[in-house]
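Participant: sequence and predicted model, in that order:
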Amino acid sequence: MMSCLRSVAYLRVWIIMLSLSRNFCGMGGVTVAKEGCMFLEFAPAVGPRQYDWSKKKIIALSVVEVGTLLSLGPDESCEFTHDPFMGKSEAGKIMKVLKVGNLQDTGGYFFNLSVTDRIADVDESFSIPITKGEFSVMQSIFNFILPYLMGWHAYMDSTKLNESGHFKSGGPSIAKRPDLEWGR
Ligand SMILES: *[C@@H]1O[C@H](CO)[C@@H](O)[C@H](O)[C@H]1NC(C)=O
Ligand SMILES: *[C@@H]1O[C@H](CO)[C@@H](O)[C@H](O)[C@H]1NC(C)=O
């Protein structure tokens with residue numbers, strides 16, 4: 001997990017591992033039931049090092065979106081629009097837009113999230129500046145995590161999975177690895 005605390009807001013990054021299922025017809029191989037995703041969590045600041053968790057907003061990035069952030073060039077920006085109710089009758093009622101791009105003057109990056117919620121009738125937006133160094137730490141974490149989100153480690157060693165395709169206890173758990181804890 002990686003956290004960036006700022007006077008205006010807080011950004012935390014964490015992941016959900018993919019779920020795997022054993023493919024019994026395929027000689028004990030595994031198939032990816034659902035790819036993992038990476039979460040970016042934003043919370044507004046209400047005072048020095050105090051954040052209002054009741055107003056936190058989360059956006060879950062897919063493997064391809066994580067890849068887009070990984071390959072973001074110094075003069076490029078990207079934008080992801082998510083509708084949590086896509087394909088349902090409430091479609092369009094909540095829209096989340098994440099913009100990431102270069103800050104011209106400092107060489108750092110901005111992470112801007114805006115959430116329009118027509119159900120609760122609230123608009124929330126966050127803007128977090130990230131230094132060049134923090135962004136490159138993020139990118140190396142993303143780089144490391146991507147194969148796990150896609151399940152390559154399980155293909156490499158399916159003996160780490162139990163009958164129902166979950167990691168056996170003691171297996172890799174990215175979120176718990178202390179060397180990925182990074183806060184300040
Ligand atoms: C990001 O948010 C900041 C602060 O609200 C704003 O000044 C900037 O224009 C935004 N950038 C983009 C690309 O929306
Ligand atoms: C496999 O592991 C998961 C998570 O540790 C556990 O919940 C599940 O009961 C296990 N399944 C079997 C069949 O052992």
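Facilitator: That came through fine. All values derive from a computational prediction rather than experimental measurement. Ligands and ions are numbered 1, 2, ... in the order given.

Participant: what mean pLDDT does the longest helix along the chain have?
Facilitator: Longest helix of the chain, by residue count under DSSP state H: helix 132-150. The average pLDDT within helix 132-150 is 85.

Participant: by contact count, what packs against that helix?
Facilitator: Where contact means 3 or more C-beta pairs under 8 Å, 6 or more residues apart in numbering; DSSP states H and E, helix 132-150 is packed against strand 2-5, strand 9-16, strand 37-47, helix 63-70. All C-beta spots, glycine's among them, are computed from the backbone N, C-alpha and C.

Participant: G101: which of these is closest?
Facilitator: G101 lies closest to helix 63-70 among the helices and strands packed on helix 132-150, at 10.8 Å (C-beta to C-beta).

Participant: pLDDT on the helix or strand following that closest one, on average?
Facilitator: Going down the chain from helix 63-70, the next helix or strand is strand 77-82, by DSSP states H and E. When pLDDT is averaged along strand 77-82, the result is 94.

Participant: cool, and stretch 58-72?
Facilitator: 90.

Participant: how long is that stretch end to end?
Facilitator: End-to-end span of stretch 58-72 (C-alpha to C-alpha, to the nearest Å): 21 Å.

Participant: show me what counts as buried in it.
Facilitator: Residues of stretch 58-72 classed as buried: 59-61, 63, 65-66, 68-69, 72 (neighbour count, 16 or more other C-beta atoms under 10 Å).

Participant: likewise for stretch 36-48?
Facilitator: 36-38, 40-45.

Participant: show me the shaky parts of the chain.
Facilitator: Residues of the chain meeting the criterion pLDDT under 70: 1-2, 4-5, 7-8, 14-34, 151-184.

Participant: and the protein, which of its residues are near ligand 1?
Facilitator: Applying C-beta under 6 Å from any ligand atom, we find that the chain lies next to ligand 1 at 99, 101, 110, 112, 127.

Participant: so which of the residues you listed belong to strands?
Facilitator: 99, 101, 110, 112, 127 (DSSP state E).

Participant: export the residues you listed as TSV, with columns for neighbour count.
Facilitator: Below are those laid out as TSV (neighbours: other C-beta atoms under 10 Å):
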residue	neighbour count
K99	15
G101	15
F110	15
N112	17
S127	14
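
Participant: taking the residues you listed together, which two end up most distant?
Facilitator: G101 and S127 (11.0 Å).

Participant: who touches both of the two?
Facilitator: Any residue near both G101 and S127 by C-beta atoms under 8 Å, 6 or more residues apart in numbering counts here, and that gives F110.
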